[in-house]
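Colleague: output the structure for:
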Amino acid sequence: MPPSKLKSCFVCQQCGYQAVKWSGRCPGCEAWSTLVEEVTEEPAKTAATLRPEETRPTSLAEVTLEASLRVPTGIGELDRVLGGGLVPGSATLLGGEPGIGKSTLLLLMAGRLSAANLRVLYVSGEESTRQTKLRAIRLGLSESTVQLLAHTQLEAITEAVRQAAPQVLIVDSVQVLESEVLSSAPGSIGQIRACAHALIHMAKRSHCALMLVGHVTKDGSLAGPKVLEHMVDTVLYFEGEAASGFRLLRTTKNRFGATYELGIFHMATEGLVEVSNPSELFLSDRREPMPGCMVTVTLEGSRPLLVEIQALTAPCSFGVPRRKTSGVEYNRLAMLLAVLERRVGLKSLGQQDVFASSLGGVRVTEPASDLAVAIAIASSLKERPASQGDAAIGEIGLTGEVRPVLNLAQRLHEAKRVGFRRCLVAATKSPLDVDGLEIIGVRTVQDAIAKALAL
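Modeller: Here you go, the predicted structure:
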């Protein structure tokens with residue numbers, strides 16, 4: 001049977017109108033700049049020509065899982081985020097800021113998979129094979145058997161995959177790929193969608209684990225159509241502060257495991273190094289007690305993580321006080337400042353510039369850090385340091401009450417393991433008991449501040 005003939009047309013992204021040529025305004029809904037080139041494929045088979053085994057439903061009991069066993073990548077933090085390793089036939093999308101270490105991480109993974117006698121094809125559309133070799137030398141992979149291909153043409157990549165038959169395919173990155181069927185430039189919505197669809201379809205047909213690198217926009221979201229995230233099985237984000245050596249790997253979508261898991265790496269001279277005990281590493285530079293500091297225990301997926309919150313208050317030099325955050329949610333900070341001013345009586349906060357940050361490049365998003373942020377602000381305002389052996393875990397309501405959080409026992413045991421002696425939590429009817437850790441129950445944020453700062 002002859003192969004399907006590929007064609008392209010321009011489709012409106014709002015109303016679905018199809019046109020043969022591009023125009024600035026859609027004739028259907030009259031919206032501007034919504035026509036995007038897409039591939040249309042003439043059906044190669046009809047219902048009358050399909051074989052019976054292609055249309056027969058399969059019982060769930062008949063489905064075997066031999067081909068779906070996970071393949072460990074050799075990087076423990078990456079396996080944690082993926083849910084145990086790569087799944088054959090799956091498609092994973094890795095996004096992150098330029099220079100954050102996406103290519104370094106994937107080349108390191110490719111080298112360790114190749115050392116485990118797996119066939120790996122690394123397709124680089126942004127670097128030459130010489131540039132990839134230089135990175136491999138820095139990572140200690142100069143003698144690795146990873147297959148390299150520097151190309152951006154989809155058809156050439158497809159042919160290389162057919163010849164090499166890899167078990168793992170890495171494409172860096174999907175935004176630079178182009179298909180000869182489309183006339184649009186690489187990185188356009190049509191090109192990204194068509195190339196990603198072809199690669200994912202090929203990976204699922206050949207049971208090859210596919211890793212795609214995706215660019216991000218200036219607001220941190222993945223560039224290209226949102227449908228790209230729906231097409232893949234797993235979406236990973238690689239993030240971290242530019243001045244910090246820490247790199248955080250998060251998962252926001254995983255069809256084969258838990259979401260919102262966290263992997264932590266440290267960027268060293270020899271490349272990315274796994275951080276197996278991040279709590280102690282984040283707190284390793286703590287010195288004598290200083291005003292404006294408090295430690296909390298946040299939960300990233302199934303991993304408890306101790307993070308130091310720092311706050312600074314200073315008299316406002318202009319008419320409107322400033323509120324700046326780094327790693328702390330701005331809206332959450334504004335709510336806590338209102339609670340401290342109205343429920344605790346810290347009236348002078350209205351004339352103070354307030355700065356709040358979390359150290360180590362960790363983004364603190366869950367409400368369990370509210371109590372630590374509030375104590376840090378009050379400590380800076382009153383110039384009274386909290387004890388270095390104290391931690392605070394709790395959510396603060398608008399009435400000033402301290403509310404309990406999920407998985408408190410797991411957080412307390414992590415604080416005890418790192419060496420903390422006292423922890424402020426919400427008072428409950430059945431308090432927890434952890435050997436070697438004094439647990440102080442508080443009902444209001446005012447009570448918590450008084451006990452933390454010994455007022």
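Colleague: helices of the stretch 51-200 of the chain, residue ranges please.
Modeller: For the stretch 51-200 of the chain, helices defined by DSSP state H, counting those that start in this stretch occupy the ranges 52-55, 76-82, 102-115, 129-138, 154-164, 189-206.
Colleague: nearest to V425, of those helices?
Modeller: V425 lies closest to helix 76-82 among those, at 27.0 Å (C-beta to C-beta). Using the backbone N, CA and C atoms, a C-beta is placed for each residue, glycine as well.
Colleague: pLDDT of stretch 120-132, averaged?
Modeller: When pLDDT is averaged over stretch 120-132, the result is 95.
Colleague: returning to that earlier point: compare the helices of the stretch 51-200 of the chain and give me the one nearest V362.
Modeller: For these, proximity to V362 was assessed by C-beta to C-beta; helix 76-82 is nearest, at 14.5 Å.
Colleague: turn the helices of the stretch 51-200 of the chain into JSON lines, including distance to A311 and mean neighbour count.
Modeller: JSON lines is the format used below for those (distance: least, C-beta to C-beta, whole Å; neighbours: other C-beta atoms under 10 Å):
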{"stretch": "helix 52-55", "distance to A311": "63", "mean neighbour count": "7"}
{"stretch": "helix 76-82", "distance to A311": "30", "mean neighbour count": "22"}
{"stretch": "helix 102-115", "distance to A311": "33", "mean neighbour count": "23"}
{"stretch": "helix 129-138", "distance to A311": "39", "mean neighbour count": "15"}
{"stretch": "helix 154-164", "distance to A311": "50", "mean neighbour count": "15"}
{"stretch": "helix 189-206", "distance to A311": "42", "mean neighbour count": "20"}
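Colleague: then stretch 427-443 to PDB, C-alphas only?
Modeller: Presented in PDB, the C-alpha positions along stretch 427-443 are these (Å, rounded to 0.1, in the frame of the first residue of the first chain):
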ATOM      1  CA  ALA A 427      -2.400  22.900  68.900                       C
ATOM      2  CA  THR A 428      -4.600  19.800  68.500                       C
ATOM      3  CA  LYS A 429      -6.600  17.500  70.800                       C
ATOM      4  CA  SER A 430      -4.200  14.600  70.200                       C
ATOM      5  CA  PRO A 431      -0.600  16.100  70.100                       C
ATOM      6  CA  LEU A 432       2.200  14.200  68.500                       C
ATOM      7  CA  ASP A 433       5.100  12.800  70.400                       C
ATOM      8  CA  VAL A 434       8.600  12.700  68.800                       C
ATOM      9  CA  ASP A 435      11.500  11.600  71.000                       C
ATOM     10  CA  GLY A 436      14.100  14.300  71.300                       C
ATOM     11  CA  LEU A 437      11.900  17.000  69.900                       C
ATOM     12  CA  GLU A 438       9.900  19.400  72.000                       C
ATOM     13  CA  ILE A 439       6.600  20.100  70.300                       C
ATOM     14  CA  ILE A 440       4.900  23.400  71.300                       C
ATOM     15  CA  GLY A 441       1.200  23.700  70.400                       C
ATOM     16  CA  VAL A 442       0.000  27.300  69.600                       C
ATOM     17  CA  ARG A 443      -3.500  28.400  68.800                       C
END
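Colleague: and the contacts of it?
Modeller: Applying C-beta atoms under 8 Å, 6 or more residues apart in numbering, the contact partners of stretch 427-443 are 394, 401-402, 404, 408-409, 412-413, 415-416, 420-426, 448, 451.
Colleague: and with 7 Å instead?
Modeller: 401-402, 404, 408-409, 412-413, 415-416, 420-426, 448, 451 (C-beta atoms under 7 Å, 6 or more residues apart in numbering).
Colleague: now stretch 174-183
Modeller: Judged by C-beta under 7 Å, 6+ apart, the contacts made with stretch 174-183 from elsewhere in the structure are 6, 8, 37, 39, 125-126, 152-155, 186-187, 190-192, 194-196, 212-215, 223-224.
Colleague: ok, how many other residues are close to G24?
Modeller: Neighbour count for G24, taken as other C-beta atoms under 10 Å: 8.
Colleague: now do the contacts for it.
Modeller: For G24, the set of contacting residues under the criterion of C-beta under 7 Å, 6+ apart consists of 32-33.
Colleague: at 8 Å instead, please
Modeller: Counting by C-beta under 8 Å, 6+ apart, G24 touches 32-33, 35.
Colleague: buried ones among those residues?
Modeller: Among the contacts of G24, those classed as buried by 16 or more other C-beta atoms under 10 Å are L35.
Colleague: just the strands in the stretch 351-455 of the chain please.
Modeller: If you assign secondary structure with DSSP state E, counting those that start in this stretch, the strands in the stretch 351-455 of the chain sit at 352-358, 390-392, 395-396, 402-403, 422-426, 438-442.
Colleague: what sits up against the second one?
Modeller: By that I understand strand 390-392. 294-297, 306, 371-372, 375, 415, 420-425, 448, 452.
Colleague: hmm, which of these are the buried ones?
Modeller: In the contacts of strand 390-392, the ones that pass as buried (16+ other C-beta under 10 Å) are 294-297, 306, 371-372, 375, 415, 420, 422-425, 448, 452.
Colleague: what residues of stretch 431-439 count as buried?
Modeller: Of the residues in stretch 431-439, those scored as buried under the neighbour-count criterion (16+ other C-beta under 10 Å) are 437, 439.
Colleague: how far does that stretch sit from its chain's centre?
Modeller: A distance of 33 Å separates the C-alpha centroid of stretch 431-439 from that of its chain, computed with C-alpha atoms, centre = their mean, to the nearest Å.
Colleague: now that stretch: mean pLDDT?
Modeller: The pLDDT scores in stretch 431-439 average 89.
Colleague: where do the helices sit along the stretch 351-455 of the chain?
Modeller: Under the criterion DSSP H, counting those that start in this stretch, helices of the stretch 351-455 of the chain are mapped to 370-382, 408-418, 445-453.
Colleague: so for the shortest one, mean pLDDT?
Modeller: For helix 445-453, mean pLDDT is 96.
Colleague: neighbouring contacts of that helix?
Modeller: For helix 445-453, contacts defined as C-beta under 8 Å, 6+ apart pick out 294, 339-340, 343-345, 371, 374-375, 378-379, 382, 384-387, 390, 392, 394, 396, 400-402, 424, 440, 442, 455.
Colleague: that concludes my questions; thank you for your assistance.
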